[in-house]
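> I would like the atomic coordinates for the input below:
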Amino acid sequence: INVGPTSYGKIAPIFEERLRQMGSWLKVNGEAIYSSIPWKYQNDTTNKDVWYTSSKDKQFVYACLLVWSKNTTEITLGAPVSSSSTSVTLLGSDVGPLNWRPASESGGIIIDVSNIKTYSLASDWAWVFKLENVSGSELLNQNQDDIIYDY
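Residues are numbered from 1 along each chain as shown. The predicted structure is shown next:
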């Protein structure tokens, strides 16, 4: 982060503001960062503004969206493969499970965000969708299950 005190031992106001904003964001979305591991994909295959992590037990995949365009009613994720038991929620939202549909037979999810008002979002910088019961596209040739993460 590279934030240090001034020669008087104070944090400059602009850096203090940024650190507080980061803390606010982590308070809402921290589960996608802390105790997470890399998922099969880091960056989405169709949406360059989405980055992924996974819970250590691989029960959840977190899709971090960096750009939420105005008047957006749907968000497409290209990497996750859904199942009939897939559930999608937005961290920091009280809307509950979001409606979604498969993007294609080979994978991807289209999330309906039409009932989410952008002014009510818990963050101004990035938003995290929590996906349950999804897998990665089988087009990936690497076997990520063989990797051991020791954090």
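> what's the neighbour count on the closest residue to Ser35 other than its chain neighbours?
Leaving aside its chain neighbours, Ser35 sits nearest to Lys56 (6.0 Å; criterion: C-beta to C-beta, 6 or more residues apart in numbering). C-betas here are computed from N, CA, C, even on glycine. By the measure other C-beta atoms under 10 Å, the count of residues near Lys56 is 11.
> how near is Lys56 to Thr86?
20 Å (C-beta to C-beta, to the nearest Å).
> so Lys130: helix, strand or coil?
Secondary structure state of Lys130, per DSSP: H, G, I helix; E, B strand; the rest coil, is strand.
> quick one: it and Gly92 touch, right?
No. Lys130 lies out of contact with Gly92 (C-beta atoms under 8 Å); the separation is 10.2 Å.
> among the two, which residue is more densely surrounded?
Lys130 (19 against 15).
> who's in contact with the more buried one?
Residues near Lys130 by C-beta atoms under 8 Å, 6 or more residues apart in numbering: 31-32, 60-62, 88-91.
> before we move on, what about Asn47?
So Asn47 contacts 65, 75-78 (C-beta under 8 Å, 6+ apart).
> including secondary structure and pLDDT, could those residues go into CSV?
Below are those laid out as CSV (DSSP: H, G, I helix; E, B strand; the rest coil; pLDDT from 0 to 100):
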residue, secondary structure, pLDDT
Leu65, strand, 96
Ile75, strand, 95
Thr76, strand, 95
Leu77, strand, 95
Gly78, coil, 94
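> okay if I get those residues as a markdown table plus neighbour count and distance to Ser24?
A markdown table is the format used below for the contacts of Asn47 (neighbours: other C-beta atoms under 10 Å; distance: C-beta to C-beta, whole Å):
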| residue | neighbour count | distance to Ser24 |
| --- | --- | --- |
| Leu65 | 21 | 17 |
| Ile75 | 25 | 22 |
| Thr76 | 13 | 28 |
| Leu77 | 27 | 25 |
| Gly78 | 18 | 29 |
